[in-house]
Structures are given as C-alpha cells and as structure tokens.
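K.L.:
this one's sequence-less:
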Ligand SMILES: O=C(O)CCC(=O)C(=O)O
C-alpha cells in the first residue's frame, strides 16, 4: 500500500487569536504586530481569524467592506493591502482571516484572502455557507441580511509544502467541501472563525476533530479572542488537530498565538494505521470528487 505524500516538508504554523473592535486601523495594527512576532518565532504559515479588521456584525459589514484586487490600493482596501505587506515583510504565507469584501455590483462577501511570501494574492475564499441560525434561548444571527454567499470550494497550493482546503467558520459544519479538498490532496483544512458562546461549547472542538479524523489531515481552527464587552463575544479556543483527531495545540478564550509543527509523517502513519483512504466502497456509494469533477 503506497501512501501519497501530501505535505512535502515540515511546516510551522501560527494561529493568531485576536479580537477586533470598531477601529479598523487599530485592528490592522494589532494583527500586524502579532503576525510579525509569529514570523520571528519561525512560523511559515500564519493565520488570522474571521473578520479580524471589523466588528462581527451584520449592521457593520458594509461600512468596513473593501474591494479586493491583486494590487490593492491602500486607500480603498487598507486591510487587503496590509495583508499583502505582512506577507512581504515576513516572507510567510498569510491566511488573511476574513474581511468584508465589496464587489462592483454592491454585493458584500465574507472573504478570506491568501498571500504568498512575496505578497501575491494566491486565492480568495468567499464564505460559502452563510451563518443564519436561530437557537431558542441562545444565538440568533443572520449573515444573509447583508452578505452574499460564495460559490466555490477553495483549494490553495502553498508552493513547496502542498495544498490546503479553506473555509470560513460555519463552512466547517459541511463535511463535503472538506472531503473534496482532502481527496484533491490537501494536507490541512483551515478555518478562520468566530464561533460564539452558544455553539462554541457544543460543537467547536468536535467539528475541528471530526474534519481531521474524517479526512486524515490536519485541521486548524483560528478563532477571534473573546471580548466580553462586544455585542458578539466570540468563543476563542483556537486549535490544531492532527490527522488522528488529537488536539496538538490549543488555548482558552483570551488573546494568544498558538503554534504547531505539521510533520508529513503524521499523515502517512495515520493513513497506514487506519487505512480508510483505501477502504472506501465506491461500488456502493459514489466518490463525491468524481461527481464534482464530472459537473465541471
Ligand atoms: O456554526 C456555528 O455555530 C458558528 C458559526 C459562526 O459563528 C460563523 O460562521 O461566523
């Protein structure tokens, strides 16, 4: 049995758990400072949380939204320009959490931009599943009041390391895109997030570990830190789970940067030990990747 290498070399990742407030410039300065120190600590892949540049509020997304382009104008798109600059300054891959993105037709998306160590825009994932929930006595949130959904599964090639699958927060609840990314060869699934104190204790760690163990890949959940004064106190508890579904790095709800070194051999030994990769019964049920590829 041959296990195809999907991570080409060890990779140190940093997951930056910060909270965002109403002052965009301050949010960007805080993110930049944390990104620079993560790079000084040796991280080559640095991840920010969902809406790190703005309050997480449907009433605010339009005000904080920026156009996205491959050469962002610092006046019109200060957050995207700041992310590209962080990548250039640190020579690290940057997963830019998410930023409310405006398009020419006036729609707004919740968008994660990914930058190469040269500051080139490699990909942009528009949150595909909007967070519209109503839990009696708990959380009620309707992103679709102001946001539009993206229509694409995002798989990004990080040159020299391999591919990652990308989603934003609520996207992690949907198993299919993560499976598609893993079967396309992703070594990790990365979700910039801002869960909440209703669903966080119930499902956050469970989903992170489940996506890891389903797909035998690393899963990285990067949350906003909790600000008790905010109208949306985030859950926190950023984590890295390994392909066996074990949490190998984690934290509590406060501002913090967590680190993990992803080793290629961990994917290989997990797949060797529990060989579900080779035991699927496509004679009984379809391979979802074949279905998706046929449609394209
Ligand atoms: O899925 C959940 O329970 C939380 C999702 C969320 O907070 C979000 O998508 O921003």
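P.N.:
The structure has been received and is ready for your questions. This structure is a prediction, so every number in the text was calculated from the model and none was measured.

K.L.:
got any ranges where the chain has weak pLDDT?
P.N.:
For the chain, the stretches with pLDDT under 70 are 1-5, 296.

K.L.:
the strands in the stretch 51-200 of the chain, which residues?
P.N.:
In the stretch 51-200 of the chain, strands defined by DSSP state E, counting those that start in this stretch lie at 93-95, 99-102, 108-115, 121-126, 132-134, 140-142, 154-158, 162-166, 186-193, listed in chain order.

K.L.:
Who are the packing partners of the third one?
P.N.:
Put plainly, it is strand 108-115. Judged by 3 or more CB pairs under 8 Å, 6 or more residues apart in numbering; DSSP states H and E, the packing partners of strand 108-115 are helix 61-64, helix 78-90, strand 93-95, strand 99-102, strand 121-126. In this view, the C-beta of every residue, glycine as well, is placed from N, C-alpha and C.

K.L.:
quick one: that strand near the ligand?
P.N.:
No. Using CB under 6 Å from any ligand atom, strand 108-115 stays clear of the ligand, with a minimum separation of 7.9 Å.

K.L.:
List the buried residues of that strand.
P.N.:
By neighbour count on 16 or more other CB atoms under 10 Å, the buried set for strand 108-115 is 108-115.

K.L.:
same thing with the last one?
P.N.:
Buried residues in strand 186-193, counting neighbours by 16+ other CB under 10 Å, are found at 186-193.

K.L.:
Pull the most distant pair out of those residues.
P.N.:
Using CB to CB, the buried residues of strand 186-193 span at most 19.6 Å, a distance reached by 187 and 193.

K.L.:
near the ligand, which residues of the stretch 1-150 of the chain show up?
P.N.:
The stretch 1-150 of the chain has residues 50, 131 near the ligand, with proximity defined as CB under 6 Å from any ligand atom.

K.L.:
Now the stretch 1-150 of the chain against the ligand: closest residue?
P.N.:
residue 131 (3.4 Å; CB to the nearest ligand atom).

K.L.:
Enumerate every residue touching that residue.
P.N.:
141, 143, 169-170 (CB atoms under 8 Å, 6 or more residues apart in numbering).

K.L.:
Tabulate these in TSV, adding columns for neighbour count.
P.N.:
Converted to TSV, the contacts of residue 131 look like this (neighbours: other CB atoms under 10 Å):
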residue	neighbour count
141	20
143	21
169	28
170	23
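
K.L.:
can you count the residues close to residue 264?
P.N.:
By the criterion of other CB atoms under 10 Å, residue 264 has 18 neighbours.

K.L.:
from memory it sits against residue 7, does it?
P.N.:
Yes. The pair residue 264 and residue 7 passes the contact test of CB atoms under 8 Å, sitting 4.2 Å apart.

K.L.:
follow-up on the earlier one: and the contacts of residue 131, which is closest to residue 60?
P.N.:
residue 143 (12.0 Å).

K.L.:
Now the closest one: closest residue in space that isn't a chain neighbour?
P.N.:
residue 130 (4.2 Å; CB to CB, 6 or more residues apart in numbering).

K.L.:
what sits against the residue most central in space within the chain?
P.N.:
For the chain, the residue nearest the mean C-alpha position is residue 191 (2.5 Å; CA atoms, centre = their mean). Counting by CB under 8 Å, 6+ apart, residue 191 makes contact with 166-169, 171-172, 208, 219-222.

K.L.:
And residue 245, by the same measure?
P.N.:
Counting by CB under 8 Å, 6+ apart, residue 245 has contacts 209-210, 212-213.

K.L.:
from those, which two are the most distant?
P.N.:
Across the contacts of residue 245, the longest distance by CB to CB is 7.2 Å; it joins 210 and 212.

K.L.:
And the helices in the stretch 151-296 of the chain, which stretches?
P.N.:
175-183, 200-215, 264-273, 276-279, 288-295 (DSSP state H, counting those that start in this stretch).

K.L.:
Counting by contacts, list what the second one packs against.
P.N.:
Contacts defined by 3+ CB pairs under 8 Å, 6+ apart place helix 200-215 against helix 175-183, strand 186-193, strand 218-223, strand 239-241, strand 247-250.

K.L.:
That helix: which residues count as buried?
P.N.:
For helix 200-215, a neighbour-count test (16+ other CB under 10 Å) marks 200, 204-205, 207-215 as buried.

K.L.:
my read: residue 87 touches residue 116, true?
P.N.:
Yes. Residue 87 lies in contact with residue 116 (CB under 8 Å); the separation is 6.5 Å.

K.L.:
Name the nearest residue to residue 85, sequence neighbours excluded.
P.N.:
Using CB to CB, 6+ apart, the closest residue to residue 85 is residue 119 (6.7 Å).
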